[in-house]
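> quick check, what structure comes out for this input:
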Amino acid sequence: MPAETQNSDIARLKAVAVGVTAFVALLWLIQATVAVTGWDPGPLGLRPRDPSGLVGILTAPLVHGSWGHLFGNTLALLVLGMAVLYGTPAAGRIGLPLIWLASGLAVWLFAREGVHVGASGLTYGMFFFVFLMGILRRDKRSIALSLLVFFLYGSMVWGVLPTAPGVSFEYHLYGAIAGGLSAFLLRHRDPMPQRRRYDWEYEDEDEAGNDDLWFDRPDPDSERRF
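Predicted coordinates:
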């Protein structure tokens with residue numbers, strides 16, 4: 001990999017890490033404010049089919065029911081958020097708002113009565129987004145990230161089922177659906193990396209006498225960048 005490309009990747013990874021960490025820090029700040037002041041975040045929650053609960057489509061992922069709830073989402077938000085924005089930055093910048101809004105709207109329309117809060121829907125959406133991007137794009141980076149998140153969080157697939165009382169499996173389910181649809185719709189948003197070609201491939205083509213190539217063969221004295 002050329003030095004400038006590697007440096008660009010490192011710089012992008014650092015910028016993504018800062019942005020994702022800042023978002024998670026905001027969630028902890030909100031939870032600390034709730035704990036210190038006794039402020040009731042209920043009005044920011046998402047209440048299905050209640051017109052006053054529509055604001056929760058925007059705000060419900062920002063508030064959590066307890067420190068344990070927030071702690072359970074923190075690491076997944078960091079890892080999956082970085083995977084989304086580093087692996088497919090152009091698609092991720094569109095996909096994350098789509099997951100946020102679409103999952104919230106679906107919960108408002110179809111979920112059980114109650115107050116739904118937390119960023120779990122966002123984490124499920126990001127997991128399915130990254131995992132399906134690897135299947136749909138099949139470039140090395142997307143495949144590697146897909147395998148990584150499946151290894152770390154593959155058990156999340158069971159969370160779309162109503163396995164525990166008091167848990168908004170609807171947010172999980174609709175987040176997963178929104179993430180999968182976003183991956184499908186945005187799979188071509190980022191350019192595919194060019195495949196690296198090796199010397200023996202050029203030699204084979206020369207021996208076959210193929211003069212009508214669809215790509216240019218680089219100067220053998222220059223550095224090949226793909």
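
> so for the helix ranked longest in the chain, what gets flagged as buried?
Determined from DSSP state H, the single longest helix within the chain is helix 3-37. Neighbour counts over helix 3-37 (16 or more other CB atoms under 10 Å) mark 16, 20, 23-24, 27, 30-31, 34 as buried. To be clear about C-beta, it is placed using only N, CA and C from the backbone, and glycine gets the same treatment.

> out of those residues, which is nearest to Gly81?
Of all these, Gly81 sits closest to Val20, with 3.9 Å by CB to CB.

> packing partners of the longest helix of the chain?
Counting contacts by 3 or more CB pairs under 8 Å, 6 or more residues apart in numbering; DSSP states H and E, helix 3-37 packs against helix 67-87.

> tilt between the helix it packs on and helix 3-37?
160 degrees (axes from the mean of the first three to the mean of the last three CA atoms, to 10 degrees).

> and helix 67-87, what's buried?
Buried residues in helix 67-87 (16+ other CB under 10 Å): 69-70, 73-74, 76-77, 79-87.

> next: stretch 158-178.
Neighbour-count burial for stretch 158-178 flags 159-160, 168-178 (criterion: 16+ other CB under 10 Å).

> tabulate the buried residues of helix 3-37 (CSV), appending distance to Leu152 and pLDDT.
Formatted as CSV, these follow (distance: CB to CB, whole Å; pLDDT from 0 to 100):
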residue, distance to Leu152, pLDDT
Val16, 17, 96
Val20, 15, 98
Phe23, 19, 98
Val24, 16, 98
Leu27, 20, 98
Ile30, 26, 97
Gln31, 24, 97
Val34, 29, 95
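
> mind putting those residues into TSV with distance to Gly53?
Shown next, in TSV, are the buried residues of helix 3-37 (distance: CB to CB, whole Å):
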residue	distance to Gly53
Val16	32
Val20	28
Phe23	23
Val24	25
Leu27	20
Ile30	18
Gln31	21
Val34	19
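
> hey, which helix or strand in this structure has the poorest pLDDT?
One helix or strand of the chain scores below all others by mean pLDDT, DSSP states H and E: helix 199-208, with a mean of 55.

> where does Gly125 land in three-state SS?
Put simply, Gly125 is helix when judged by DSSP: H, G, I helix; E, B strand; the rest coil.

> is it true that it touches Tyr171?
No. Taking contacts as CB atoms under 8 Å, Gly125 lies outside contact range of Tyr171: 9.5 Å.

> what touches both of the two?
Common contact partners of Gly125 and Tyr171 (CB atoms under 8 Å, 6 or more residues apart in numbering): Ser103.

> contacts only, for Arg137.
Residues in contact with Arg137 (CB under 8 Å, 6+ apart) are 88, 143, 187, 192.

> could you find the closest non-adjacent residue to the first one?
With sequence-adjacent residues excluded and distances taken as CB to CB, 6 or more residues apart in numbering, Thr88 is closest to Asp190, at 4.6 Å.

> that neighbour: neighbour count?
Neighbourhood size, Asp190 [other CB atoms under 10 Å]: 18.

> touching, it and Tyr86? I think so.
No. Assessed by CB under 8 Å, Asp190 is found out of contact with Tyr86, at 11.0 Å.

> now the common contact residues for these two.
Common neighbours of Asp190 and Tyr86 (CB under 8 Å, 6+ apart) do not exist.
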